[in-house]
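Asker: my questions are about this predicted structure, shown below with the sequence.
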Amino acid sequence: MKSLKLALMGAIALAAMPLAAQAEPVAEVLHYWTSGGEAKAIKELQQAFEKRGGKWIDAPVAGGGGDAQAAVLRSRVLAGDPPAAVQIKGPNIAEWAAAGALGDLTEVATAQKWDDILPQAIKDVVKYDGHYVAVPVNVHRVDWIWANPEVLAKVGAEVPKTWDEFNATADKLKAAGIVPLAYGGQPWQDATVFETVVLGIGGVDFYKKAMVDLDEEALGSPTMVKVFDQMRKMRDYVDPDYPGRDWNLATAMVMRGEAAMQIMGDWAKGEFAAAGKKPGVDYICAPTPSEGGYILNSDSFAMFNVKGEDKKEGQALLAELILGKEFQETFNLYKGSIPARMDVPMDKFDACAIKSMEDMTAAAKNNTLVGSVAHEIAQAGAVRGAFLDVVTAHFNSDMSSEEATKKLIEAINLAK
Amino acid sequence: MSNLDIVRPENSSFHWVGRLLIWTILLLFCLWFLMPAYVVISTSLKNLEEIRGGSLLALPHELNFTAWTHAWNEACIGVQCSGLKPYFWNSVMMVVPAVLFSTMLGALTGYTLTKWRFRGSNIIFALILFGCFVPFQVVILPMAQTLGILRLTNTVYGLILVHSVYGLAFTTLFFRNYYVTIPDELIRAATIDGAGFFTIFFRILLPISPPIIVVAVIWQFTQIWNDFLFGVSFTTGGSQPLMVALNNLVNTTTGVKQYNVDMAAALITAAPTLLVYIVAGRYFVRGLTAGSVKG
Amino acid sequence: MASVAARMADRLERWMPKIVIAPGFLAILLFVYGFIIWTAYISFSKSRMLPNYDLIGLRQYERLFQMDRWNVAFTNLLIFGATFILVSIIIGVLLAILLDQRIRIEGAIRTIYLYPMAISFVITGTAWKWIMNPSLGLETVVRSWGWESFSFGWIVDQNMAVYALVMAAVWQSSGFVMALFLSALRSVDQDIIKAASLDGASTAKIYLRIILPSMRPVFMSAVVILSHLAIKSFDLVVALTNGGPGYSSTLPANFMYEMTFRRNEIGVGAASAIIMLATVVAIMVPYLYSELRGSKNV
C-alpha cells in the first residue's frame, strides 16, 4: 500500500503539470459496456458530458465481463497514469480506496445531497472512510426469471413460483422437446444461477451466513447440499451447446422461442428492449422463487486520483451528470436497471422496473436485501473466484453435491 | 528438387497407387487447412438471415460486401462508431518501426556474436535466446511500471519499445544461426585488408543476408501485428492497435450479433499478414533452408 | 595529434562489438531478467491487489498447489503441450515428405499449408469455435448429409475441450513444421541417398533409417519453437473455449492472468508464473547447452 502511494507521488512529481485556469473538463472513461442496451446507455452519458462542454475519452475494454479491463486498470495505475473514471464495483472500490488510489468526491456529493437520495445499501458500497469515492449508476436485480409466455403456454404452464414448480414445469417442457432453461456456460453465469438457488432454497438468513459471512457450518450444511442437488437438476434442463455461450445469446434464445426461461439479472431486459420486445406481452419477468429476497447488483464508477485541473473538473462533471435525475432516467431505461437514487419518477419505466423498485424498498425495510456474489457486491475478487471455481466445476462435471460443499469450504479458506 | 524420384524408376503400377495416395492425403490436408478460411470468408459475404437459416458450409447466394464496408467504416467499437479504419493505421505506425528496429538490432547482434566473439559472448547469446520463452503475462505489471517511469504509457512509442525488445531474442537467433554458416576466413581476410567492424558488416554480410532478413521480417511482422496482450494492456481508446479494436468490435453488439461483420472485421485484420505470407511465403521457406533451421 | 586520433579510433574499433551489443543486451537484461527477478520477489511476498514488498516465504506457492484450478491448468499444459508438439511434428514431417515427391503445384499447396501461421490465435480460435460448435458447425452439416449419428462435440465436453485446443493449435502450426522439414529435406546429401538406393533399400526405409535420423537438429528446433508456442498459448484459449466448460481447458498462462488481474491475487499469480518459467527452463536448458557446445565447434 505504501509503495503504491510512493509510486503515485513519484508519478505526480514527474508529471509536467499542464496547468490551465479555465480548463475544459476532460474525462477518460474505462468501461466494459459494449453490448446491446449497455452500449446505448453509455453513449447517453457521453452525449450528456459533451453537451456540457466536456471532452470524453472513450476507453472500452470489451470481453469477459471486465476481465480484460481489470488488467488494463492495474497496468495504468502502476504506470502512474490512471483513467479518470473506471467501472468497478463492490468491495473492490474499498480495496482501491484503501490503496490510496481513489480521489475524493465529497464536494460534489455535498452539493448534490447524495446522503439524502441514495439508499443505505448503495452508500455502503461507494463510500470509504466516510468519503464518497465512487458514483453509483444503477441498481440491478439479479434474481429474475425471463420467460417466453408463448413457449410456456405450449405446456400449459406459468412462470414458476417455487423451485418444485420450476422443476415440474421444466420436466414438462423437456418432455415436449423444448429447452427449459436458456443457459450460458460461463463461470459467472453458473454463479448467477447458483446464488438465486441459494436464496430460494436456503432463504435470506442462510444466504447471509453462507455467502456473505462465509460461515463454514452453513457452507457445509445439508441445505447447501440441497442447493447443489438443484444445480445438478438444472444441468438436465439446458441444451447441450451451453458451454461458453454469452448471456445475451441465451437471452436471444428466449426471445426467439428456442428456450422457455432464462435466469439472469435485469440487464437481460436491455436486450429485450433493444430488440423491440414488450414486457408482459413478448416476455415475462418474475423474481426467482424466494421469500421476499432481493439480490442486489450495482454498477458504479470509481474516480481515480488524476492530476490536472481539467481532469478533476471532468470527474466532478461526470459525477454530477451520472447521479442527475435526467441521466438516471434515460440511462436506466436503456440498461434495464433501476435508478440508484430513490427520488426519480418511475412513470416512464416498465412493469419489471417498477416491481424491482417496490421489491427493493420492501426488502430494504425487511432486511432481506442481499449483495450478489457472482457480481462482486458481497465478495471481492479472490473469494468470489473461489465460489465461481467450485460452482462451475460442479455444474460441468459429475461431482457429487457433498463433494462440492467440501471443495467450496476448502477453496474459500484458501482464498480468504 | 526431389530426392528419391531421381533414383526410383517410374514403371510399376505400384507407383501409380502411390501417387494417388500421396495426392489424396495432400488434398485432404488442403481441405482441412482451408475450411476455416472458407467458413470465415463465406460468412462475411452472407447477410444475417442467410447465416441464421443456412448451413455453415453453404455458399453465399450473392457477393455482398456490405459487411466489409460496415466493418471498415461504421462498426461500433465501444461508443465510437468509426469502424476499424483508424485502428488499422495505429497498427501500421507501430509495426513498421518495431519490425525495423528489432531486425536491424538482431542483425548486428547476430553478426557480433558470430564474427566478433569475445569472452562471455556465448553466455550473452544464451541469455538473449532465453528471452524467446518468457511468457508475456509475466512481464505485464513490471512493464507497466517501467513504461510509466519512462513516460511512454498509452503511446505508440511504448509499444514499439516493448515489441522491439521482445522481438530481439528471435531476430538474434535467426541472424546468429545464419551467420554461423558463413566462413570466418572471409572476415579474417577483410580485416587484413583493413576493413573495420561496420565496413565488414555492410560490405560483406549484409549483401548476402536477404534470405534471412525475409524470415526475420515476416516473423516479426506477424508476431507484432497479431499481438493482443501488450496492445490491450498498455494502450486505451483511440491509440489501440487493430487487434484490440477487433476484440472490442466482436464484443460490441447492439441488439443482434452481426456475425458477418465480425468475420469481415477478422479478415480485414488478418489481411496484411496473409498477404505477406502468400506473396513472400516462398522466400520464407527458402530463408529457413538457408540457415535458421540449423539446430 | 593524428596518431592520438588513430589510437582512439583503433581502441574504439576494438570496443565496437561490445558497444554494438550493449543496448540490446542491457534492454534484455532489464526487460527479461529484471522482470523475472521482480516477479520472483513478488511470488514470495504477500501481494494481493497491488504489488506489496513484505515477504512471507513460500506461502503463495503452498496456496497455489492447493488450488484445484491450478492443478487442472498445469496438467492441461502437459497434455496440451505433449499432444500438440507430437501431432504437429507428425503431420509436418508427413506433409514435408509427401510434398517432396515432385508435386507439380507444390508452391500453391505449400502456401495453403503455411497460411495459418499468418493468422492470430484470436481469429483462429473464433473460426474453430464456430466449426466445432455442435449446433452451428460441422456436426450439423455432416448430419444434414445423412450421417445422423455423427457427433463432434469436443468443445462442449469437459474431457475433450483441451483436445479442441490441440486441434486448433495444430492447424495453426503444422504448416510451419512442414516448412522447416521441407527445407531440411532439400539440403540432404544426395550421395548418401543414391548409395542406399543402389543397395536396394526401399523409399520408406531410406526416409526412416537414413534421412530422418540425420535431421536431429531440425527436430530440436521444431520442439523448441512448438513448446514456446504451447507455453505462450493464451489468446487461443480465450478465443476458443475461454477455459471452459467450467475451467477444464484452462492453461497456466490463463490461470496467471485470472489470478493477477481478476482475483486480486498478484502473489499467487507471480508464483504460478515462476513455476511456468521453471518448466521452460527444464525444457530449454538442455537445448541451450547443446546450442552453445555446438557453436564452439563451428
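Answerer: Yes, it's here. Residues are numbered from 1 along each chain as shown, chains lettered A, B, ... in the order given.
Asker: nearest residue to the spatially most central residue of chain C in space, please, no chain neighbours.
Answerer: For chain C, the residue nearest the mean C-alpha position is C:Leu229 (1.9 Å; Cα atoms, centre = their mean). Computed as Cβ to Cβ, 6 or more residues apart in numbering or on different chains, the closest residue to C:Leu229 that is not its neighbour in sequence is C:Ser173, at 6.1 Å. C-beta coordinates here come from the backbone N, C-alpha and C atoms, glycine included.
Asker: for the one residue in the stretch 101-250 of chain C that gets nearest to chain B, helix, strand, or coil?
Answerer: For the stretch 101-250 of chain C and chain B, the shortest gap (Cβ to the nearest Cβ) falls at C:Pro217, measuring 2.5 Å. With DSSP: H, G, I helix; E, B strand; the rest coil as the basis, C:Pro217 sits in helix.
Asker: contact partners for B:Leu26?
Answerer: C:95, C:98-99, C:103, C:109 (Cβ atoms under 8 Å, 6 or more residues apart in numbering or on different chains).
Asker: could you identify the helix or strand that succeeds the strand or helix carrying A:Pro180?
Answerer: Per DSSP states H and E, A:Pro180 falls inside strand A:179-181. Using DSSP H and E, the helix or strand that directly follows strand A:179-181 along the chain is helix A:187-197.
Asker: with just CA atoms, put that next one into PDB.
Answerer: The C-alpha trace of helix A:187-197 is given here as PDB (Å, rounded to 0.1, in the frame of the first residue of the first chain):
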ATOM      1  CA  PRO A 187     -18.400 -19.300 -14.600                       C
ATOM      2  CA  TRP A 188     -20.100 -16.000 -13.700                       C
ATOM      3  CA  GLN A 189     -23.300 -17.200 -15.200                       C
ATOM      4  CA  ASP A 190     -23.100 -20.500 -13.400                       C
ATOM      5  CA  ALA A 191     -22.700 -18.500 -10.200                       C
ATOM      6  CA  THR A 192     -25.600 -16.200 -11.000                       C
ATOM      7  CA  VAL A 193     -27.900 -19.100 -11.200                       C
ATOM      8  CA  PHE A 194     -26.300 -20.600  -8.100                       C
ATOM      9  CA  GLU A 195     -26.900 -17.700  -5.900                       C
ATOM     10  CA  THR A 196     -30.600 -17.400  -6.800                       C
ATOM     11  CA  VAL A 197     -30.900 -21.100  -5.900                       C
END
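Asker: what does it contact?
Answerer: By Cβ under 8 Å, 6+ apart, the surrounding residues in contact with helix A:187-197 are A:65, A:142-143, A:163, A:183, A:207, A:211, A:227, A:230-231, A:234, A:247, A:250, A:263-265, A:288, A:290, A:295, A:372-375, A:384, A:387-389, A:391-392, A:395-396, C:244, C:246-247.
Asker: around chain B, pick out the residues from chain A.
Answerer: A:7, A:11, A:14, A:28, A:30-31, A:34-36, A:39-40, A:42-43, A:46, A:57-63, A:68, A:71-72, A:74-76, A:78-81, A:83, A:248-249, A:252, A:271, A:274-275 (Cβ under 8 Å from any Cβ of the partner chain).
Asker: give me the subset of the residues you listed lying in strands.
Answerer: A:28, A:30-31, A:57-60 (DSSP state E).
Asker: just to revisit the earlier point, look up how far chain A lies from the residue nearest to C:Leu229.
Answerer: Going from C:Ser173 to chain A by Cβ to the nearest Cβ, to the nearest Å gives 23 Å.
Asker: following the lowest-mean-pLDDT helix or strand in chain B, which helix or strand shows up next?
Answerer: Of all helical and strand segments in chain B, the minimum by mean pLDDT, DSSP states H and E falls on helix B:48-53, at a mean of 74. Remark: after helix B:48-53, the chain's next helix or strand is helix B:66-69, criterion DSSP H and E.
Asker: now that following helix: buried residues?
Answerer: Residues of helix B:66-69 classed as buried under the neighbour-count rule (16 or more other Cβ atoms under 10 Å in any protein chain shown) are B:67-68.
Asker: what helices or strands is whichever helix or strand comes after that helix leaning on?
Answerer: Counting by DSSP H and E, the next helix or strand C-terminal to helix B:66-69 is helix B:85-115. On a contact count with 3 or more Cβ pairs under 8 Å, 6 or more residues apart in numbering or on different chains; DSSP states H and E, helix B:85-115 meets helix B:121-130, helix B:156-179, helix B:210-225, helix B:242-251, helix C:2-28.
Asker: out of these, the one nearest B:Gly110 is which?
Answerer: Closest to B:Gly110 of the helices and strands packed on helix B:85-115 is helix B:156-179 (Cβ to Cβ; 2.8 Å).
Asker: how about that closest one as PDB, C-alpha atoms only?
Answerer: Taking Å, rounded to 0.1, in the frame of the first residue of the first chain, the C-alpha atoms of helix B:156-179 are listed here in PDB:
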ATOM      1  CA  VAL B 156       2.700   4.000 -29.700                       C
ATOM      2  CA  TYR B 157       6.400   4.500 -28.700                       C
ATOM      3  CA  GLY B 158       5.800   2.400 -25.700                       C
ATOM      4  CA  LEU B 159       4.500  -0.400 -27.800                       C
ATOM      5  CA  ILE B 160       7.400   0.000 -30.300                       C
ATOM      6  CA  LEU B 161       9.800  -0.300 -27.400                       C
ATOM      7  CA  VAL B 162       8.100  -3.400 -25.900                       C
ATOM      8  CA  HIS B 163       7.900  -5.200 -29.200                       C
ATOM      9  CA  SER B 164      11.400  -4.300 -30.300                       C
ATOM     10  CA  VAL B 165      12.900  -5.700 -27.100                       C
ATOM     11  CA  TYR B 166      11.000  -9.000 -27.000                       C
ATOM     12  CA  GLY B 167      11.500  -9.400 -30.800                       C
ATOM     13  CA  LEU B 168      15.200  -9.000 -30.400                       C
ATOM     14  CA  ALA B 169      15.500 -12.500 -28.900                       C
ATOM     15  CA  PHE B 170      14.100 -14.100 -32.100                       C
ATOM     16  CA  THR B 171      15.800 -11.900 -34.600                       C
ATOM     17  CA  THR B 172      19.100 -12.500 -32.900                       C
ATOM     18  CA  LEU B 173      18.500 -16.200 -33.100                       C
ATOM     19  CA  PHE B 174      17.700 -16.100 -36.800                       C
ATOM     20  CA  PHE B 175      20.700 -14.000 -37.800                       C
ATOM     21  CA  ARG B 176      23.100 -15.700 -35.500                       C
ATOM     22  CA  ASN B 177      22.200 -19.100 -36.900                       C
ATOM     23  CA  TYR B 178      22.600 -17.700 -40.400                       C
ATOM     24  CA  TYR B 179      25.900 -16.000 -39.900                       C
END
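Asker: buried set for that helix?
Answerer: Of the residues in helix B:156-179, B:156, B:158-179 count as buried by neighbour count, 16+ other Cβ under 10 Å.
Asker: for the helices and strands packed on helix B:85-115, which one ends up most surrounded?
Answerer: The highest mean neighbour count among these, using mean count of other Cβ atoms under 10 Å in any protein chain shown, belongs to helix B:242-251: a mean of 26.
Asker: right, quick check: it against chain A, any contact?
Answerer: Yes - judged by Cβ under 8 Å from any Cβ, helix B:242-251 comes into contact with chain A at B:247-248, B:250-251.
Asker: tabulate the residues you listed (a markdown table), appending pLDDT and distance to B:Gln240.
Answerer: As requested, these are exported to a markdown table (pLDDT from 0 to 100; distance: Cβ to Cβ, whole Å):
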| residue | pLDDT | distance to B:Gln240 |
| --- | --- | --- |
| B:Asn247 | 80 | 9 |
| B:Asn248 | 79 | 8 |
| B:Val250 | 77 | 14 |
| B:Asn251 | 71 | 13 |
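Asker: overlap between those and the residues near chain C?
Answerer: Near chain C, by the rule Cβ under 8 Å from any Cβ, you find B:247, B:250 out of the residues of helix B:242-251 next to chain A.
Asker: next, format the residues of helix B:242-251 next to chain A as TSV and append distance to C:Asp157.
Answerer: Output for the residues of helix B:242-251 next to chain A, formatted as TSV (distance: Cβ to Cβ, whole Å):
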residue	distance to C:Asp157
B:Asn247	26
B:Asn248	30
B:Val250	25
B:Asn251	25
